[in-house]
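S.K.: predicted model and sequence below, questions to follow.
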Amino acid sequence: MTHIPTGIKVVRDGRSQISNRDDAYKELKKRVNNFYCTGFMNEESEERNKQIGNSGRSKKRRTYRVKDGIVIDHVTNKTASIKDIFRGRIELLS
C-alpha cells in the first residue's frame with residue numbers, strides 16, 4: 001500500500017489478503033500522521049516564518065493610532081494623518 005502524496009510505502013506479508021490489507025492500512029495511517037505531525041510540519045512552519053517573520057514588535061514598520069488619527073512610520077520616524085494615508089498619500093511617510 002502506498003500513500004501517493006508522501007511516497008510512504010507499507011508492505012505486509014501474511015497468509016490472509018484481507019488481514020494484510022487491514023494491517024497495512026493501519027500502519028500506513030500511523031506513518032502518514034507521524035510524517036505530517038513531526039518533520040513535514042516543522043519544515044513548513046520554518047519556511048513560513050522565514051518568509052513572514054515572527055511578527056515581533058521590534059520588526060514593526062508602522063503604527064496606526066486610529067483613536068489619535070495618526071500613523072507613525074518607525075523606519076523613517078515620520079508621522080502623518082491617518083486620513084491622508086487612507087486617501088493614498090503614502091508618500092508622506094517616505
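M.R.: Alright, I've got the coordinates. Numbers count the residues shown, from 1 in each chain.
S.K.: and whichever strand or helix holds Thr63, what's its mean pLDDT?
M.R.: Per DSSP states H and E: Thr63 is located in strand 62-65. For strand 62-65, mean pLDDT is 88.
S.K.: and it, which strands flank it?
M.R.: strand 70-73 (antiparallel) (DSSP bridges).
S.K.: the strand it pairs with: how far from the chain's middle?
M.R.: Distance of strand 70-73 from the chain centroid (Cα atoms, centre = their mean, to the nearest Å) equals 28 Å.
S.K.: and the next element down the chain from the strand or helix carrying Asp22?
M.R.: Taking DSSP H and E as the definition, one finds Asp22 inside helix 17-37. Using DSSP H and E, the next helix or strand after helix 17-37 towards the C-terminus is helix 39-52.
S.K.: now the angle from that following helix to helix 17-37?
M.R.: 30 degrees (axes from the mean of the first three to the mean of the last three Cα atoms, to 10 degrees).
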